[in-house]
Every structure is written in C-alpha cells, then in structure tokens.
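Undergrad: return a 3D structure for these sequence lines:
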Amino acid sequence: MVLLPMLRTKIKQLLRAEAPCSQVLIKGWVKTRRDSKGFSFIELNDGSCLPNIQVIVDQTLDNYPQIAKITTGSALSIQGRLIESKGQEQKWEIQATAVDIIQLAPENYPLQKKRHSDEFLRTIAHLRPRTNKYGAAFRIRAALSWAVHHFFQERGFLYVHTPILTGSDCEGAGELFQVTTLDLASLCASSTQGVDYTKDFFGKMANLTVSGQLSAEMLALALGDVYTFGPTFRAENSNTSRHAAEFWMVEPEMAFCDLTDNMALAESFLKYLVEYALAHCAEDLALFSRFVDKQLPFTLEKIRSAEFIKISYQEAIEILIGSGMAFEFPVAFGNDLQSEHERYLTEQYFQKPVIIYNYPQNSKPFYMRLNDDGQTVAAMDMLVPGIGEIIGGSQREERLEILTARMDQAGLPREKYEWYLDSRRYGSVPHSGFGLGFERLIMLITGISNIRDVIPFPRTPKNIEF
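TA: A predicted model of the protein is given here:
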C-alpha cells in the first residue's frame, strides 16, 4: 500500500479547530523563537491569518541543535499534535514531533521583532507583506476584491474585460503613459524629426488606459448591466498621499439608468463593501482600530448605517462659502472641490458621507450628460470622511448631436472616437456608470492614510522598484 504524503493545514484553520488532532502538518515563517529549559517555543505564521500559532519543540528531537539556531524569518515545515494551549493567548498550540528547516534566514533579515516605520517598509515592499500590518491590509484587499464580484454577480451584472492598451483618452486630460516598440535611442538621436507612428507596433500612438469606461459603455449598450475591475494608469506627476500612477478601478455601466439610479447603486455598493469587511475581516480590522485609527470602528459603522447626504454642487459651494473657514484653495462656482473642501463637508459639516451632483460642465469630461440648464452635467462624486472622493460617476450623454458638440468644445478629434459615436447612432439609450478607486476603498476600510501602503508594489513618480 502506498502512503500518501500528509496534507498541509493552514494555521487559520487550526486556530478555529473544535477538537485536538493527533497529527497535523504546518508550513510557514518564523516570527520569533525563544528557548526555555529543555524546550524551544516557535511562533509560526503562514499568512492565512493575523495570529501566529505557538509550536513547542522538545530538545529530544534528533535535530534539536539545528532547531536551536533557527532565526526570525526562517521557513519551516512542522509536524506535530494540535493540543490545548496552557497559555491565555490562544486556545491551541502544536507539540512538534518533527521540524524540518526549509530555509534558514540570515541574521540580517530586515524584519526583526520591533516596530518599523512605513517609510522604511516602502523600501522593502517585497518583504513588508510578512509584517502584521501589511499582511492584514492585503488580506482585506483580497477579501474585498471577492466582495466586489459578489455584489455585482448577485445583481445580474456581467463581468467584462476592457482593454489595457488603448488609442483613446477617456478623461481627455492627456495624462497618459505612452506604449511603443520604437527605438527610443534612435528617436532621441534624430529629435528634429517628428515621431513616425506608422512604424510603431499599432501604426498609431498607443497608451495605457486611464479608464475602462468607454469600452464598458459599448458592452452595457448590448448586454445591459456590466462591470469591469482592473488596473488603470495616470501619468500625473503627483506625490500626494492619495495618488498613484497605477491603481485599480471598479467600473459598472448600466443601460436604461439615470443619475438618480446611479447614485443609489453607488451608495448600496459602498455600504455592502463596508458591511462585508466588518463581517468577514474582523480580526484584521481590529489591528487597524488598535494601532492605526482608533476612530475606525465609528467611521465604518457610520457609513454602514447612515443615509448618505445628497446635495448639488451649487449647494456645496454655498455651504463652503458660508462656513467662514480659511481654505487654502478658493471656493467659487466653477472651481474644482479640493481635498480640504471634501473633508470639511464630510468630517465637520455633515459628519457622514456626501454625494455631490450636477457639476459645472467645464470641469467635467465630454461624455457626461448635459443638464437642461445648459451649464451643468449629470455628474456625481461620493465623498467619505478621511478620504474625500471615493466614487465618481455620471449619466452618460446619449444624444449624438450634444455629445459631438462637447467633443468639439474639448478639442477632441471625432475620427478617433467614431466607434464610440456609433453607440449613439444605433439604438442609443440613457445609461450611467461610475468608478470606485479600489485603493481609496482599502484606505477607508483600514484607516491607512497613504495610498502607497494599500497596494503591494506602489507606482509613483520616480518609483518603479520591485
């Protein structure tokens, strides 16, 4: 009879066990090891959960002299018995019967048992997921990624894939990363000549997408309700705590949907994600409530239970002007709302999430539906405490003649968007959508204040390591 190898059990599963087990196999990385008379105590973690499991190693094991040299960060395979713990920290521990050293980490392993600053950990982003804070953040990120799909699938949306490489500028702001196979050294050497894009891979200028929206619109106008969830890119030379060059966006698009329906879906979506995090990530969230933001439970509960405030852009401007606050950026109709304005509205004036709608047309992209006043568009931004804008969306302009006029006004060449205009020629209907910045969602859920710390390998100006 052939004996099958023992299967590894995740530490998360063992810590939730309801009874002892005579034989288990775990594998993971050493958080700490300490010696006692005749024993070694190893704290092991495999990334499946925040808590470690304690392993008791008796000196009678044949390789105990090697075990006594195990260092923080080493990788181990341990067989043993799951028994009730005599300590008060956890219910279960493992009495080791065999300890195999997969790899012994050197003494200069950067993550020793002490507190490390976020700034230092960004320099070793490839190792920081092994810390408690970042392990918890990325588990929450994984859980909420699944929750995004669950929300839309429950409501009959189709998950669609939109291009990463594109010839269009969705936002019309020009903050695009160009993609080319041309020899840049040769181009620099002959800089007096213009770039001949006919010799490039696509025969024209190509860019990384800033949004999947335009393509998602085409699919919504055939399939009804769709969503896309993927990476987007902005070549914006910004070093703020809220901006990154590469980030993920959740973008639903809905046919036969107006701005009111769009705002209602956005509110339901955010509340669902917060509820999901509270229900499924409690252990990891407790770490952030304790060490990162002690107001986090209050903030999340307010979002889950409160009815969001909905006001027009005009009303928001009037509130800000009447506040008497000395804002750094001036408040006037037609000006963009800055982070300080958004946070005043959500954290001081209303003390809850706010959805602002009907923005001046000059401050918004060409595809947003022009309102009957001829001055504003059916746009909406959702603002939350601590973050500011987390969702932006609009009812899309379904009228061909108004859409082309807006494009002309923005200086966009129609020939590049003929495929997009076709959707307004053939069976055009009212439709809407929005985009949720996934990193800003993780910032909201965890209380982490810098976008560089909620994505495993942040891409910011002058930073493309790892």
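
Undergrad: and the single longest strand found in the chain, average pLDDT?
TA: Criterion DSSP state E: the longest strand present in the chain is strand 21-36. For strand 21-36, the mean per-residue pLDDT is 95.

Undergrad: repeat for stretch 63-82
TA: So the average pLDDT for stretch 63-82 ends up being 96.

Undergrad: for this structure, which element, helix or strand, carries the lowest mean pLDDT?
TA: When the helices and strands of the chain are scored by mean pLDDT, DSSP states H and E, helix 184-189 comes last with a mean of 76.

Undergrad: the longest strand of the chain: which residues count as buried?
TA: 24, 26-31, 33 (16 or more other C-beta atoms under 10 Å). Glycine gets a C-beta too; all of them are placed from N, C-alpha and C.

Undergrad: and stretch 107-116, by the same measure?
TA: Leu111.

Undergrad: how long is it end to end?
TA: 17 Å (C-alpha to C-alpha, to the nearest Å).

Undergrad: need the contact partners of it.
TA: Contact with stretch 107-116 is made by 31-32, 71-73, 124, 127-128, 130-131, as judged by C-beta atoms under 8 Å, 6 or more residues apart in numbering.

Undergrad: okay, and which of those residues map to strands?
TA: With strands defined by DSSP E, the entries of the contacts of stretch 107-116 inside them are 31-32.

Undergrad: hmm, Ser77 and Ile102 touching each other?
TA: Yes. With contact defined as C-beta atoms under 8 Å, Ile102 counts as touching Ser77 (5.8 Å).

Undergrad: joint contacts of these two?
TA: Lys27.

Undergrad: more crowded one of those two?
TA: Per other C-beta atoms under 10 Å, whichever of Ile102 and Ser77 has more neighbours is Ser77, with 14 against 11.

Undergrad: circling back: mean confidence for the helix or strand following the least confident helix or strand of the chain?
TA: Sequence order places strand 206-208 as the next helix or strand after helix 184-189, per DSSP states H and E. For strand 206-208, the mean per-residue pLDDT is 93.

Undergrad: packing partners of strand 206-208?
TA: With contacts defined as 3 or more C-beta pairs under 8 Å, 6 or more residues apart in numbering; DSSP states H and E, the packing partners of strand 206-208 are strand 165-166, strand 178-179.

Undergrad: what would those strands look like in a markdown table with mean pLDDT?
TA: Formatted as a markdown table, the helices and strands packed on strand 206-208 follow (pLDDT from 0 to 100):
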| stretch | mean pLDDT |
| --- | --- |
| strand 165-166 | 92 |
| strand 178-179 | 92 |
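
Undergrad: adding distance to Phe298, write these out as JSON lines.
TA: Shown next, in JSON lines, are those (distance: least, C-beta to C-beta, whole Å):
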{"stretch": "strand 165-166", "distance to Phe298": "42"}
{"stretch": "strand 178-179", "distance to Phe298": "45"}
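
Undergrad: hmm, back to that, who are the packing partners of the longest strand of the chain?
TA: Judged by 3+ C-beta pairs under 8 Å, 6+ apart, strand 21-36 is in contact with helix 11-15, strand 39-45, strand 75-84, strand 92-103.

Undergrad: name the residues of the shortest one that are buried.
TA: Right, the one you point to is helix 11-15. Within helix 11-15, the residues scored as buried using 16+ other C-beta under 10 Å are 11-12, 14-15.

Undergrad: the last one now?
TA: Along strand 92-103, these residues count as buried under the neighbour rule (16+ other C-beta under 10 Å): 92-94, 96, 99.

Undergrad: give me the sheet partners of it and which way each runs.
TA: Paired neighbours of strand 92-103 in the sheet (DSSP bridges): strand 53-58 (parallel), strand 75-84 (antiparallel).

Undergrad: among those strands, which is the most enclosed?
TA: Mean neighbour count (mean count of other C-beta atoms under 10 Å) peaks for strand 53-58 among those, with a mean of 20.

Undergrad: can you name the next helix or strand after that one?
TA: Next along the chain after strand 53-58, taking DSSP H and E as the criterion, comes helix 64-67.

Undergrad: contacts for that following helix next, please.
TA: 40, 57-58, 61, 99, 101.

Undergrad: kindly export that helix (C-alpha atoms) in PDB.
TA: Taking C-alpha atoms only, helix 64-67 is exported to PDB below (Å, rounded to 0.1, in the frame of the first residue of the first chain):
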ATOM      1  CA  TYR A  64      17.400  20.000  18.100                       C
ATOM      2  CA  PRO A  65      20.900  21.500  17.800                       C
ATOM      3  CA  GLN A  66      19.900  22.900  14.400                       C
ATOM      4  CA  ILE A  67      16.400  23.900  15.700                       C
END
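
Undergrad: Val148: neighbouring residues, count only.
TA: Other residues lying near Val148 total 22 when counted by other C-beta under 10 Å.

Undergrad: element containing it?
TA: helix 132-154.

Undergrad: quick check, nearest of the buried residues of helix 11-15 to Leu176?
TA: Lys12 (42.1 Å; C-beta to C-beta).

Undergrad: for the closest one, give its distance to Ile53.
TA: 9 Å (C-beta to C-beta, to the nearest Å).

Undergrad: what is the nearest of the contacts of stretch 107-116 to Ser241?
TA: Nearest to Ser241 out of the contacts of stretch 107-116 is Arg128 (C-beta to C-beta; 17.2 Å).

Undergrad: surely the closest one and Phe120 touch.
TA: No. The pair Arg128 / Phe120 is not scored as a contact, 9.1 Å apart, by C-beta under 8 Å.

Undergrad: mind checking which of those two has more residues around it?
TA: The neighbour comparison of Arg128 against Phe120 (other C-beta under 10 Å) goes to Arg128, with 22 against 11.

Undergrad: which residues touch that one?
TA: Neighbour list for Arg128: 111, 121-122, 134 [criterion: C-beta under 8 Å, 6+ apart].

Undergrad: 10 Å instead?
TA: 110-111, 116, 118, 120-122, 134-135, 137-138, 453, 456 (C-beta atoms under 10 Å, 6 or more residues apart in numbering).

Undergrad: now Ala245
TA: Neighbouring residues of Ala245 by C-beta under 10 Å, 6+ apart: 175, 177, 208, 232-238, 458-461, 463-464.

Undergrad: redo that, cut-off 6 Å
TA: Contacts for Ala245 (C-beta atoms under 6 Å, 6 or more residues apart in numbering) come out as 459-460.

Undergrad: sorry, back to before: make a ChimeraX selection of the buried ones in the contacts of stretch 107-116.
TA: To isolate the buried members of these in ChimeraX, using 16+ other C-beta under 10 Å:
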select :31,72,73,127,128,130,131
